[in-house]
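Participant: return a 3D structure for these sequence lines:
(one chain, ligands or ions: 1)
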Amino acid sequence: MKPRNLKEKHIVELNGRLRPLTAPQKNWALNSTIRHYGYRLKSGMCTCMKCGHEWLETRDGMCLCPECGTMVKIKDTKERVIRDKSYFNVITTMEGYQVIRMFLMIVEMRKGMKAKPAYLEIGSYWIDNEGKTTVVGLQRTLGRYIDSFAFGSPLEIRRDNDAFQHISDEWVYPRIKVTDIIKRNGFKSSCHHIHPVTMFQELLTNPKAETLMKANEIELLRYLCHSPFNSDDVDFYWKSIKIALRNGYKIDDVPMWFDYIKMLEQMGGDIKSPLLIAPKDLQTAHDIYVAKVNRRHRKEQQEKERQQAIEDKARFEELKSRYFGMAMTDGEIEIHSIDSIDAYYEIGQRNKICCGSAKYFLKENTLTLTAYLGNKQIATIEISLDDYSIIQCRAFANGICEYTEQIAGIINANKKMIAERKRA
Ligand SMILES: [Zn+2]
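Facilitator: Down below sits the predicted model:
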């Protein structure tokens, strides 16, 4: 993108004035951001893939290269080439901006040769004193990987994206330069593996982040920086945090502590009580509250079901009580109304049909009846209350009832009686 305003123009111009990587920075990236190997042949002859030195090595695991002093992992292999890459960041300042520069190192190590990495600048974050960021970077290309860039493209103003955010959270060159304001707001010398862009933004805009950094409460700061939701948690429970800290409580597992505090609050516990918010054994306190919350949830569920049953019963009686006690017969088959919700469930269970579980007792425009031949229940019937026709007539397990026609005849003969009940 072309710069859209003076600030962006200025940043592009400043970006052009950033210095290339220094030799110490390059060496650090090569030494520290990828793993190094000693490739060993059957003869025991081992080659440091970083400097090319060969020596006889009998030990396994990690060894120091006697030539360059690099810690190498011994690997028994006939392979001759390693290709590797890493992303790393150099954190610096430029005219009051906090700058996070992102680099890619690509390295090919050939047996017997000194490794010669290539370094490429991917882009940079520019954070002003209000915590607003501007991104300068390579053009991203659409590909299978998030880190696909058009490597010939110019470093221009870009929209922030996953790739830049991801890369800026990778390795950080340990010599970090920050603006005076960020220093004043508590930053000492390390990012503590917290996303640097978020951390600087928080230090510039959020006094709570500043407090935590100054108090060296790194785990809380890490939690805060992790997501906007977490930052809201810190805001919301700030008083509890302060009380816990004032009482010398060290929160080791911050996410668990927040879960605990939220459960405590849910259960009506005092989240300002040092005794409650600073448990000696957080894990145990946490588990106790998980059980409490689950118990309450189950109780609420039961209460809800009870309420529902009461409502269902009232509605059922309103709809169906006019048909209670209804019976009709042709002298052979007897058809009855079903006069309670329990009876619906009981018939449903006995016949493996859903007249109970699917709440047929609450259907407004149909009526469910049951048919007997002697003592044997032979069918469950649903009829329309509009025209008294049979909608379904089921035997056991939804089977077809062989008496359907006979049953239809009985119902047909009693239409008037059912209609009178309906009007009642
Ligand atoms: Zn070496």
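
Participant: going forward, measure contacts and count neighbours with C-alpha atoms only.
Facilitator: Noted.

Participant: which ones are touching the closest residue to the ion within the stretch 301-424 of the chain?
Facilitator: Across the stretch 301-424 of the chain, no residue is closer to the ion than Gln301, which sits at 66.7 Å (Cα to the ion). By Cα atoms under 8 Å, 6 or more residues apart in numbering, the contact set of Gln301 is empty.

Participant: now do Thr33
Facilitator: Residues near Thr33 by Cα under 8 Å, 6+ apart: Ser86, Tyr87, Phe88, Trp171.

Participant: ok, residues contacting the helix or strand containing Thr368?
Facilitator: Here Thr368, judged by DSSP states H and E, is contained in strand 366-373. Strand 366-373 has contacts (Cα under 8 Å, 6+ apart) with 320, 332-338, 360-361, 377-386, 407.

Participant: which element follows it toward the C-terminus?
Facilitator: Counting by DSSP H and E, what follows strand 366-373 is strand 376-384.

Participant: just to revisit the earlier point, so which bits of the strand holding Thr368 are buried?
Facilitator: Neighbour-count burial for strand 366-373 flags Thr366, Leu367, Thr368, Leu369, Thr370, Ala371, Tyr372 (criterion: 16 or more other Cα atoms under 10 Å).

Participant: that strand pairs with which strands, and in what direction?
Facilitator: Next to strand 366-373 in the sheet, as set by DSSP bridges, lie strand 333-337 (antiparallel), strand 376-384 (antiparallel).

Participant: tabulate those (TSV), appending mean neighbour count.
Facilitator: Putting these into TSV (neighbours: other Cα atoms under 10 Å) gives the following:
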stretch	mean neighbour count
strand 333-337	20
strand 376-384	20
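
Participant: quick one: least confident helix or strand in this protein?
Facilitator: One helix or strand of the chain scores below all others by mean pLDDT, DSSP states H and E: strand 149-150, with a mean of 86.

Participant: gap between it and the chain center?
Facilitator: Here strand 149-150 is found 29 Å from its chain centre; the criterion is Cα atoms, centre = their mean, to the nearest Å.

Participant: before we move on, what about stretch 213-226?
Facilitator: Distance of stretch 213-226 from its chain centroid, counting by Cα atoms, centre = their mean, is 21 Å.

Participant: now stretch 120-139
Facilitator: Put simply, stretch 120-139 sits 27 Å off its chain's centre (Cα atoms, centre = their mean).

Participant: again with stretch 142-159
Facilitator: On the basis of Cα atoms, centre = their mean, stretch 142-159 sits 27 Å off its chain's mean C-alpha point.

Participant: how far does it stretch from start to finish?
Facilitator: Stretch 142-159 has an end-to-end distance of 15 Å (criterion: Cα to Cα, to the nearest Å).

Participant: now the helices for the stretch 301-424 of the chain?
Facilitator: Under the criterion DSSP state H, counting those that start in this stretch, the stretch 301-424 of the chain carries helices at the ranges 341-351, 404-413, 415-423.

Participant: mind telling me which residue of the stretch 251-400 of the chain is nearest the ion?
Facilitator: Nearest residue of the stretch 251-400 of the chain to the ion (Cα to the ion) works out as Asp252 at 39.8 Å.

Participant: hmm, back to that, in CSV: the strands paired with strand 366-373, plus distance to Gly152.
Facilitator: Listed next are the strands paired with strand 366-373 as CSV, based on distance: least, Cα to Cα, whole Å:
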stretch, distance to Gly152
strand 333-337, 82
strand 376-384, 74
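
Participant: closest to Pro3 out of the ones you listed?
Facilitator: strand 376-384 (71.9 Å; Cα to Cα).

Participant: quick one: contacts of the helix or strand where Asp233 lies?
Facilitator: Element membership for Asp233, per DSSP H and E: helix 228-236. Helix 228-236 is contacted from outside by Lys208, Tyr223, Leu224, Cys225, Ile241, Phe258, using Cα under 8 Å, 6+ apart.

Participant: ok, so of the residues you listed, who is nearest Asn398?
Facilitator: Of all the contacts of helix 228-236, Asn398 sits closest to Phe258, with 52.1 Å by Cα to Cα.

Participant: so for that closest one, what's the pLDDT?
Facilitator: At Phe258, the model reports a pLDDT of 97.

Participant: what's the answer for Ile146, then?
Facilitator: Per the predicted model, pLDDT is 67 at Ile146.

Participant: just the strands in the stretch 101-250 of the chain please.
Facilitator: Here the stretch 101-250 of the chain has its strands, by DSSP state E, counting those that start in this stretch, at 118-127, 133-137, 139-140, 149-150, 156-158, 171-172.

Participant: make TSV out of those strands and add distance to Lys75.
Facilitator: Shown next, in TSV, are those (distance: least, Cα to Cα, whole Å):
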stretch	distance to Lys75
strand 118-127	25
strand 133-137	38
strand 139-140	36
strand 149-150	33
strand 156-158	42
strand 171-172	25
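
Participant: save those strands as CSV, and put in distance to Ser32 and mean neighbour count too.
Facilitator: Below are these laid out as CSV (distance: least, Cα to Cα, whole Å; neighbours: other Cα atoms under 10 Å):
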stretch, distance to Ser32, mean neighbour count
strand 118-127, 15, 22
strand 133-137, 24, 22
strand 139-140, 27, 20
strand 149-150, 24, 15
strand 156-158, 29, 21
strand 171-172, 9, 21
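
Participant: closest to the ion out of the ones you listed?
Facilitator: For the ion, the closest of these is strand 118-127, at 18.7 Å, according to Cα to the ion.
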